[in-house]
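Trainee: need a structure here:
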Amino acid sequence: MTSHKFMPQVNSAVDFAGTFARARQLANFEHKSEKDGQLCRRVAIILPSRQIGLQEGQPSGSASAEMVQSVEKILPSSALCNVLAIAFTDVKVPGRIEDVAKSIPFLGFLMGFAYIGHNVVVFEGHPSAFTHSLAGTDLLLVDAQMIPFMQKDWLDIAFKIMRKAEICVVQPGGQVQKIARKTT
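Mentor: Okay, here's the model as predicted:
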């Protein structure tokens, strides 16, 4: 796993709201793969340039029952969700999954969520766009290595704006820490 020591330089002149809406739209349905023409779903990755990279998943119906069951245990497809991930997105997309996963360490989870029908978008969490990205989000996955570069009140904002407000932080070793809403 790559250690990130900076927030990538983002193109803040681009309309992030439009880019984000387009990313959600592109990740929301099956399409024919450019590689082999088979139907598959994609994870939309918003690059620091604010272009959208699409990481194709495996063809629909090709995953093992065990893989589908393991993803269903984490985030069942019975209620489809908008998943937002914060990770280092200064990557070449599409690319080999192994290469993209060096920057987005939980890409396997994200690809699994997309495979079973969830809408998955990834971006770097820059403060200029963070608040807007949360509207309609059900599950937020955050790479712990990006937290030092996010705005200090990111957690409070997420709990306030998200639709379901389920938040998890993925630690460098892959452990997932579920964050509970503070109660007073």
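
Trainee: Check what contacts the helix or strand of the chain with the lowest mean pLDDT and list those residues.
Mentor: Sorting the helices and strands of the chain by mean pLDDT, DSSP states H and E puts helix 97-100 at the bottom, at a mean of 82. Residues from elsewhere that reach helix 97-100, judged by C-beta atoms under 8 Å, 6 or more residues apart in numbering: 45, 55, 91-94, 107-108, 111. To be clear about C-beta, it is placed using only N, CA and C from the backbone, and glycine gets the same treatment.

Trainee: and the next element down the chain from it?
Mentor: helix 107-115 (DSSP states H and E).

Trainee: Can you give me the buried ones in that following helix?
Mentor: Of the residues in helix 107-115, 107, 109-115 count as buried by neighbour count, 16 or more other C-beta atoms under 10 Å.

Trainee: same thing with stretch 46-60?
Mentor: Those would be 46-48, 50, 52-59, for stretch 46-60 by 16+ other C-beta under 10 Å.

Trainee: Which residue ranges of this structure form helices?
Mentor: 16-26, 65-74, 97-100, 107-115, 127-134, 154-161 (DSSP state H).

Trainee: Before I go, just wanted to say thanks for your time.
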